[in-house]
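K.L.:
The following comprises the amino acid sequence and a computationally predicted model.
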Amino acid sequence: IQATLYGGEIQLDVRLDPARDELELSLLERFIPLNTPVLGICRGAQLINVHLGGTLDPDIYTTHEGLKRRRTVLPRKTVDIVGDSQLYRLLGVTWCRVNSLHHQAVNEAGQGIAIVARDRDGLVQGIESREHDFLIGVQWHPEWLIFNRPQQRLIRALLDAAKQRQRNARR
């Protein structure tokens, strides 16, 4: 995500896609005010935060000296989840093992955003809105952890929230 969108320091060795940033931010601008259920995955969590005025850590490996590189689709990272959060209620666990494919991460939370999960290195792994019914972001990829029951519950919750929103819209 372009550093200019969140007041970050420009990284010269990072591949950017300004058109994608613009498209995805315009979708958030359209759907968040409508209270459309949104689950931001990895980059999506970061974009939710940036859209709501938050900042990112532009390169976790530069800013966190000694951070172990865990770029893998396998669940190799442990994440602790805040007990009084929607994410906790949906996953049904206080911690879980997740995959990791990112080099950016949420730094300062945006307006109305609560940080609800961190990995054991202290990096933000989960955010949610206190102002919307279903606006959640996770730094990992639950869609690739298909045999993991908590991750299945998260995806199911998104589908259920979307179905409920559709039913409410018909009334």
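P.N.:
Yes, it's here. Numbering: from 1, shown residues only.

K.L.:
Let me see the ranges of the strands in this protein.
P.N.:
38-41, 56-57, 72-81, 95-100, 105-106, 113-119, 124-129, 135-138 (DSSP state E).

K.L.:
The protein: helices as residue ranges?
P.N.:
Applying DSSP state H to the chain gives helices spanning 18-31, 43-51, 60-63, 86-91, 149-170.

K.L.:
Can you tell me which of the ones you listed has the worst average pLDDT?
P.N.:
Across the helices of the chain, helix 60-63 has the smallest mean pLDDT, namely a mean of 84.

K.L.:
CA atoms of it as CSV?
P.N.:
Taking Å, rounded to 0.1, in the frame of the first residue of the first chain, the C-alpha atoms of helix 60-63 are listed here in CSV:
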residue,chain,number,x,y,z
ILE,A,60,8.0,-4.9,9.6
TYR,A,61,11.4,-6.4,9.0
THR,A,62,13.1,-3.0,8.9
THR,A,63,11.3,-1.4,11.9
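
K.L.:
contacting residues for Glu108?
P.N.:
Applying Cβ atoms under 8 Å, 6 or more residues apart in numbering to Glu108 gives the contacts Gly54, Thr55. The way it works is simple: take the backbone N, C-alpha and C, and place the C-beta from them, glycine included.
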